[in-house]
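A.B. asks: Fold the following.
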Amino acid sequence: MRTLAEPLALALIGLVFTGPAGAVDLIEAVGAQKCGGRVKSYAVEFLAPEDAQLEASAKAVIRDLEAGRQVRLSLDGRSCAEARCSFRASKGQTYRFVAESEPATFDNLCVVISRP
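C.D. replies: Sure thing, here's the model as predicted:
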């Protein structure tokens with residue numbers, strides 16, 4: 001019985017430290033950038049700290065420099081042209097952005113929230 005309990009305990013500890021599957025990163029500041037690593041799809045939620053006209057963009061990064069890779073971005077399920085979304089943010093509202101790129105030949109896939 002002890003041999004079964006040890007792997008189960010280790011698995012439980014692993015789940016606690018890695019967090020829930022499918023967790024989404026959160027951006028809470030204008031001017032912030034979040035990166036998801038070498039992934040094909042990266043989701044981030046933005047909690048608007050104020051009412052403002054903003055822009056979100058997605059980019060692939062290699063060695064801290066923007067790579068010339070084709071990246072797609074969507075805002076709440078709607079596709080954005082040229083990986084840029086202009087939107088009017090309302091304070092306290094949450095917006096979901098999904099950046100996508102194939103293949104993952106870069107170091108990071110990032111989403112940036114900024115003022116236009």
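
A.B. asks: strand partners of the top strand by length along the chain, parallel vs antiparallel please.
C.D. replies: For the chain, the strand with the greatest residue count under DSSP state E is strand 52-62. Its sheet considered, strand 52-62 pairs with strand 65-66 (antiparallel), strand 84-89 (antiparallel), strand 108-114 (antiparallel) by DSSP bridges.

A.B. asks: Give me the mean pLDDT for the first one.
C.D. replies: By that I understand strand 65-66. If you average the pLDDT over strand 65-66, you get 83.

A.B. asks: can you give me the helices for this structure?
C.D. replies: 2-18 (DSSP state H).

A.B. asks: what stretches of the protein score poorly on pLDDT?
C.D. replies: The chain contains residues with pLDDT under 70 at 1-22.

A.B. asks: give me every residue that touches residue 80.
C.D. replies: Residues near residue 80 by Cβ atoms under 8 Å, 6 or more residues apart in numbering: 56, 72-74. Every C-beta, even on glycine, is put in place using the N, C-alpha and C of the backbone.

A.B. asks: Inside strands: which ones of those?
C.D. replies: Counting by DSSP E, the part of those found in strands is 56, 72-74.

A.B. asks: want to throw the residues you listed into JSON lines with neighbour count and distance to residue 96?
C.D. replies: Formatted as JSON lines, these follow (neighbours: other Cβ atoms under 10 Å; distance: Cβ to Cβ, whole Å):
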{"residue": "56", "neighbour count": "24", "distance to residue 96": "10"}
{"residue": "72", "neighbour count": "16", "distance to residue 96": "14"}
{"residue": "73", "neighbour count": "23", "distance to residue 96": "11"}
{"residue": "74", "neighbour count": "18", "distance to residue 96": "8"}
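
A.B. asks: Of all pairs in those, which one spans the longest distance?
C.D. replies: Using Cβ to Cβ, the ones in strands among the contacts of residue 80 span at most 12.3 Å, a distance reached by 56 and 72.
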